[in-house]
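Trainee: Need a 3D model of the sequence below.
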Amino acid sequence: MSAINQSIYANAGVRECEYREKSSIKEICLFLAEYSAWLLGSGATSIRLERNVHRMAKAMGCMAEMTILPRHIHITVCRTDHTDIYTYIIATHPMPISFDINTRLSRLSWKMADDHLTLTDAKKQFEEIIHTPPTSQHAVLFLASLANAAFCRLFTGDWAAVGVVFISTLIGFYLKQLLTHLKVDTRLIFIICAFISSVVASSACLFSFGHTPDVAVGTSVLYLVPGIPFLNSFSDMLNGHYICAFGRFVHAAILTCCLSLGLCGGMLVMNLSMF
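Mentor: Numbering: from 1, shown residues only. From the prediction side, this is the model:
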């Protein structure tokens, strides 16, 4: 063995011994499991979760293997010499998709790899990330309504249709926030919100607001489209996580069906033709 390789293995052994003294395999495994549950719950793809966990385990002188399911994560952590092994199964955290938490948790994995954070420091930063106050609901409500109104304009809607879509989204999204806070079933929330938004948007047809009332009705429920679950399901499928990909795709398809059911119900109540 060359002098360079001996030096590399020696440094790796020193780092592993440092973590062996400070942290047991059980502590490392429980931390990585909790990290995984939050990262997957915030909307990360399975390949990102795998890479982040492997990067963090390697930084702590360990090896990690995991099985990612739609609602659970099975993770096993062991020393590089397989002398100590611990396995844990954890449920993912049901939470709204958060790109902020997703990004900051990914940065934490790089900090552990590049800056050689100890497990104690990593836990502190992890707690700070998951307890970060969410963005103001009023700001999210306004920006989501503005974005959906922009979609209406993008689909050749006139300014009257844009105004109607903004108001219908404002009402529907506020109702979605309220029902989510009350822990109502997500599928029922999609049906109710799509129904209310489509009923409000249908006023453009009934009262002849502008020249594109049909665009207003069609785009009034776009804020409910589960785009991230669809994208994540295709990403998981391309990277070989077929079980997780299928679960995410079915969940997104069910939400889309609920959205369509609410939209059709609103149009039916307002006596609008669907064709």
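Trainee: what about residue 135, which SS state?
Mentor: coil (DSSP: H, G, I helix; E, B strand; the rest coil).
Trainee: Could you tell me which residues make contact with it?
Mentor: Each residue near residue 135 by C-beta atoms under 8 Å, 6 or more residues apart in numbering is listed here: residue 100. Every residue, glycine included, has its C-beta placed from N, CA and C.
Trainee: Please tell me how far it sits from residue 37.
Mentor: Taking C-beta to C-beta, to the nearest Å as the measure, residue 135 falls 22 Å from residue 37.
Trainee: wait, residue 94 sits on residue 41?
Mentor: Yes: the criterion here is C-beta atoms under 8 Å, and residue 94 meets it with residue 41 at 6.5 Å.
Trainee: For those two, indicate the residue with more neighbours.
Mentor: residue 41 (21 against 9; other C-beta atoms under 10 Å).
Trainee: three-state assignment of residue 104?
Mentor: helix.
Trainee: Closest to the centroid, which residue in this structure?
Mentor: residue 43 (1.7 Å; C-alpha atoms, centre = their mean).
Trainee: part of a helix, is it?
Mentor: No: read with three-state DSSP, residue 43 is coil and lies in no helix.
Trainee: Identify the residue spatially nearest to it, adjacent ones excluded.
Mentor: Computed as C-beta to C-beta, 6 or more residues apart in numbering, the closest residue to residue 43 that is not its neighbour in sequence is residue 97, at 3.6 Å.
Trainee: same deal with residue 217?
Mentor: Going by C-beta to C-beta, 6+ apart, residue 217 has residue 201 as its nearest residue, at 4.7 Å.
Trainee: you'd agree the one you found is up against residue 215?
Mentor: No: here residue 201 lies out of contact with residue 215, judged by C-beta under 8 Å, at a distance of 9.5 Å.
Trainee: for this structure, what's the longest helix?
Mentor: Longest helix in the chain by number of residues, with DSSP state H as the criterion: helix 242-269.
Trainee: Show me what counts as buried in it.
Mentor: 244-245, 247-249, 251-252, 255-256, 258-259, 262-263, 265-267 (16 or more other C-beta atoms under 10 Å).
Trainee: give the contact list for residue 151.
Mentor: Residue 151 touches 165, 219, 222, counting by C-beta under 8 Å, 6+ apart.
Trainee: And residue 142, by the same measure?
Mentor: residue 170.
Trainee: residues near residue 271, how many?
Mentor: Neighbour tally, residue 271, other C-beta under 10 Å: 9.
Trainee: what secondary structure does it sit in?
Mentor: coil.
Trainee: which stretch of helix or strand covers residue 89?
Mentor: Secondary structure from DSSP states H and E places residue 89 in strand 85-91.
Trainee: what lines up beside that strand in the sheet?
Mentor: strand 72-79 (antiparallel) (DSSP bridges).
Trainee: Could I get the buried residue list for the partner strand?
Mentor: 73, 75-79.
Trainee: Serialize the residues you listed to CSV and add fields for pLDDT.
Mentor: Shown next, in CSV, are the buried residues of strand 72-79 (pLDDT from 0 to 100):
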residue, pLDDT
73, 93
75, 94
76, 93
77, 93
78, 91
79, 86
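Trainee: which one of these sits closest to residue 195?
Mentor: residue 73 (35.4 Å; C-beta to C-beta).
Trainee: Check the spacing between that closest one and residue 89 real quick.
Mentor: 7 Å.
Trainee: what's the overlap in contacts for the two?
Mentor: Joint contacts of residue 73 and residue 89 (C-beta under 8 Å, 6+ apart) are residue 33.
Trainee: if I look at the closest residue in space to residue 30 that isn't next to it in sequence, how far off is residue 145?
Mentor: Spatial nearest neighbour of residue 30, excluding adjacent residues (C-beta to C-beta, 6+ apart): residue 88 at 6.2 Å. Separation of residue 88 from residue 145 (C-beta to C-beta): 42 Å.
Trainee: list the buried ones in stretch 186-194?
Mentor: So stretch 186-194, judged by 16+ other C-beta under 10 Å, has buried residues 186, 189-194.
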